[in-house]
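Q: 3D model of this:
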Amino acid sequence: MHRSVIAGIAVSLLIFSGCNDNEIDNEITALTEKYNLTGDPAAGRSVPSIDDPKAQLGMKLFYSKHLGLDMDAACASCHHPFLGGSDGLSLPIGVEAVDPDLIGPGRLHKSTGHAYDGGPTVPRNTPSTFNVALFDRTQFWDARIESINPVKGANGSIGEILVPGSSDYARILWTNSEVSNLPAAQANFPVTSGPEMRGFGHPSLTTKDDVRDYLVERLAGLNGNTELNATVRQTWLEAFREGFSDPAGDAATLITRKNIYDAIAEYERSQLFVESPWKRYLKGDRSALSDEAKRGAYLFFSSYEDGGANCVQCHKGDFFTDEKLYVMAVPQIGLGKNHDGTTEDYGRENVTLDSADRYKFRVPSLLNVEVTGPWGHDGAFVTLEAIVRHMLKPETAADFDETTLFQQGILVQCQDTKENTAHALEQLKENRKSGISPHRSVDFSDEQVSELVAFLKSLTDPCVKDRGCLDKWIPDYNTTESKTLDLLEAKFR
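A: Now for the predicted structure:
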């Protein structure tokens, strides 16, 4: 056995034996100082309050079905604060739901819907909107939206942003005159995706910009669009006047594409949830973490040579992500997403058309990871323990059991799972061999896995598990305005 491994095991035994109650705290302090961790990922950033007028307008837009082209889905259909800023499903169902107001487990694609097979309609797991104000480089699992020259703390607000054009790989540049930041750029795209929000009506709208322009015309009543009646259009105008503090502004000036998605972004950016036990611990409250979570922290931040899991090599910084993309061979379930028509998800390769990028996906932040499952780019893992075990030893994906998936109808989309997962595992193996992947597999005991899970749960802001605390991010459905704007009044099963 390598000498450093023996030394690491000896240190671990000393720390975890309970001989000195302060020893593990000292070890964690040394590790966090090594990685310059403060516990405050929002330090130095400009993050809006949910009470800001623009964020309040953004909340109305976020929940309104009027931004769904067929008016049966809203942003909140797949991103709800009560479900971790996501939808609690492995794979989403956007438009054509049996009950458009039912979100999360129990949401089903209606049998008369397009390409109905009984399963979900969107090929990738819904990323959480929580803490999107902390991303500086990219958006989406395949990073198809990215800041050209990312500036730490800017959230993509400085310089140009690369976004999909006519396809994911035919990308174009947007400037700050078009979008204000990364979340605003991202918000431009679900409305153009057929299964997410666009739907399948209005066949004359053939491009993404056609759809975006039509939605502006719908809300503002421009170019003779009277799809919404005069009362509804006036209510939207008043909402924009309040949101942009312009009580005399007209619809053509206020209800613009940029203003719509900037407002949505401000609502999303206001969802800052970073007040975790881990933050309190790093600020000096050593009682904020259980002994089990402390042992998990030690494993998380320790190198392979010292007997750790070395998670910190990719889950870096106080935001717990380097925003880069790696192959981790999460089992391939669902419809797949690629440029050659198979049931695989090629990940980053769909953006670059470079086979070296096949199966690469962006490293997610681990803040509030406890509430943002199912986990993985396609939600293949339905427990936090399961995704932890996979990350420790991805080879176990070869034995993935699809019956662990609880989403109704999803098994029909798992016919090629074993074959496709084998391809991803082979890519990971090749990446390790060539030095592209920094990841190594480790064999951890059940106790160590539990310790890692306990540490990950210490990254949860208590607010995200408290509906009372989250209420300020939920519109009041009982107002005349909410009913007029057709805000999604979410139901949960």
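Q: could you pull out the strands for the stretch 251-400 of the chain?
A: 325-327, 360-362 (DSSP state E, counting those that start in this stretch).
Q: and of those strands, who's closest to residue 205?
A: strand 360-362 (29.7 Å; CB to CB). All C-beta spots, glycine's among them, are computed from the backbone N, C-alpha and C.
Q: what does that closest one rub up against?
A: Outside strand 360-362, the residues that touch it by CB atoms under 8 Å, 6 or more residues apart in numbering are 138, 140-143, 321, 323-328, 330, 347-349, 377.
Q: helices or strands next to the helix ranked longest in the chain in the packing?
A: Identified as the longest helix of the chain according to DSSP state H is helix 417-434. With contacts taken as 3 or more CB pairs under 8 Å, 6 or more residues apart in numbering; DSSP states H and E, helix 417-434 sits against strand 325-327.
Q: export stretch 265-275 as PDB, just CAs?
A: Extracted as PDB, the C-alpha positions of stretch 265-275 are listed here (Å, rounded to 0.1, in the frame of the first residue of the first chain):
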ATOM      1  CA  ALA A 265     -34.300  36.300 -14.200                       C
ATOM      2  CA  GLU A 266     -34.600  38.800 -11.300                       C
ATOM      3  CA  TYR A 267     -37.300  36.600  -9.700                       C
ATOM      4  CA  GLU A 268     -35.000  33.500 -10.100                       C
ATOM      5  CA  ARG A 269     -31.900  35.400  -8.900                       C
ATOM      6  CA  SER A 270     -33.800  36.400  -5.800                       C
ATOM      7  CA  GLN A 271     -34.000  32.700  -4.800                       C
ATOM      8  CA  LEU A 272     -30.800  32.900  -2.800                       C
ATOM      9  CA  PHE A 273     -30.700  30.100  -0.200                       C
ATOM     10  CA  VAL A 274     -27.300  29.800   1.400                       C
ATOM     11  CA  GLU A 275     -27.900  30.100   5.100                       C
END
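Q: what is the mean pLDDT for it?
A: Averaged over stretch 265-275, pLDDT sits at 98.
Q: contacts only, for residue 117.
A: Contacts of residue 117 by CB under 8 Å, 6+ apart are 409, 412-413.
Q: got it, and residue 163?
A: Contacts of residue 163 (CB under 8 Å, 6+ apart): 144-145, 171-174, 185, 188-189.
Q: and if you look at residue 42?
A: Counting by CB under 8 Å, 6+ apart, residue 42 touches 133-134, 272, 274.
Q: so residue 48 makes contact with residue 269?
A: Yes. Using CB atoms under 8 Å, residue 48 is in contact with residue 269, at 5.6 Å.
Q: the more surrounded of the two?
A: Set residue 48 next to residue 269 and count neighbours by other CB atoms under 10 Å: residue 269 wins out with 29 against 19.
Q: how near is the more buried one to residue 320?
A: Taking CB to CB, to the nearest Å as the measure, residue 269 falls 18 Å from residue 320.
Q: do the same with residue 89
A: Separation of residue 89 from residue 320 (CB to CB): 23 Å.
Q: same check on residue 398?
A: From residue 398 to residue 320 the distance is 28 Å (CB to CB).
Q: more neighbours: those two, which one.
A: Of the pair residue 398 and residue 320, residue 320 is the one with more neighbours under other CB under 10 Å, namely 24 against 12.
Q: just give the closest residue to the more buried one, not the sequence neighbours.
A: Using CB to CB, 6 or more residues apart in numbering and skipping the chain neighbours, the partner closest in space to residue 320 is residue 366 (3.9 Å).
Q: average pLDDT across stretch 430-440?
A: In this model, stretch 430-440 has a mean pLDDT of 96.
Q: burial count for residue 220?
A: 22.
Q: identify the residues contacting residue 153.
A: 44-45, 136.
Q: any chance of the residues you listed in a markdown table with distance to residue 449, secondary structure and pLDDT as columns?
A: Output for the contacts of residue 153, formatted as a markdown table (distance: CB to CB, whole Å; DSSP: H, G, I helix; E, B strand; the rest coil; pLDDT from 0 to 100):
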| residue | distance to residue 449 | secondary structure | pLDDT |
| --- | --- | --- | --- |
| 44 | 35 | coil | 95 |
| 45 | 34 | coil | 97 |
| 136 | 31 | coil | 98 |
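Q: most neighbours among those residues, which one?
A: residue 136 (20 neighbours).
Q: tell me how far that one lies from residue 147.
A: From residue 136 to residue 147 the distance is 7 Å (CB to CB).
Q: which neighbours do these two share?
A: Counting by CB under 8 Å, 6+ apart, the common neighbours of residue 136 and residue 147 are 154, 156, 182.
Q: I'd assumed residue 136 was in contact with the first one.
A: Which is residue 154. Yes. With contact defined as CB under 8 Å, residue 154 and residue 136 form a contacting pair (6.2 Å).
Q: overlap in contacts of those two?
A: residue 147.
Q: could you dump the contacts of residue 153 to CSV with distance to residue 470?
A: Output for these, formatted as CSV (distance: CB to CB, whole Å):
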residue, distance to residue 470
44, 26
45, 21
136, 25
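Q: which of those residues lies closest to residue 27?
A: Comparing the contacts of residue 153 against residue 27 with CB to CB places residue 44 closest, at 28.3 Å.
Q: coming back round to it: who touches the longest helix of the chain?
A: 327-333, 336, 342-344, 358-359, 394-395, 397-398, 400, 402, 437, 439-440.
Q: can you give me how far that helix is from the chain middle?
A: Relative to its chain's centre, helix 417-434 lies at 24 Å (CA atoms, centre = their mean, to the nearest Å).
Q: hmm, who's touching the very next helix or strand once past it?
A: Moving toward the C-terminus from helix 417-434, the next helix or strand (DSSP states H and E) is helix 446-457. With contact meaning CB under 8 Å, 6+ apart, helix 446-457 is reached by 278, 289-290, 292-297, 299-300, 309, 311, 366, 369-370, 384-385, 388-389, 392, 444.
Q: flag every buried residue along helix 446-457.
A: Neighbour counts over helix 446-457 (16 or more other CB atoms under 10 Å) mark 448-457 as buried.
Q: pLDDT below threshold where in the stretch 251-400 of the chain?
A: Residue ranges of the stretch 251-400 of the chain with pLDDT under 70: none are present.
Q: domain ranges for this structure?
A: Listed by automatic domain parsing, the domain ranges of the chain are 3-43+275-462, 53-271+478-484.
Q: helices and strands around the helix or strand containing residue 57, which ones?
A: Element membership for residue 57 (DSSP H and E) is helix 53-63. Applying 3+ CB pairs under 8 Å, 6+ apart, we find helix 53-63 packed against helix 230-243, helix 257-269.
Q: now do that helix and helix 230-243, the angle between them.
A: 140 degrees (axes from the mean of the first three to the mean of the last three CA atoms, to 10 degrees).
Q: report the distance from the helix or strand just after helix 53-63 to the chain centre.
A: Moving toward the C-terminus from helix 53-63, the next helix or strand (DSSP H and E) is strand 138-139. Distance, stretch centre to chain centre, for strand 138-139: 10 Å (CA atoms, centre = their mean).
Q: direction included, what does strand 138-139 pair against?
A: strand 145-147 (antiparallel) (DSSP bridges).
Q: would you mark the buried spots in the strand it pairs with?
A: For strand 145-147, the neighbour count (16+ other CB under 10 Å) marks 145-147 as buried.
Q: show me which of the residues you listed is closest to residue 66.
A: Comparing these against residue 66 with CB to CB places residue 145 closest, at 23.8 Å.
Q: how about the closest one, what does it touch?
A: 138-139, 161-164, 182, 185-186, 189.
Q: mind putting these in CSV, pLDDT included?
A: Shown next, in CSV, are those (pLDDT from 0 to 100):
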residue, pLDDT
138, 98
139, 98
161, 98
162, 98
163, 98
164, 98
182, 98
185, 98
186, 98
189, 98
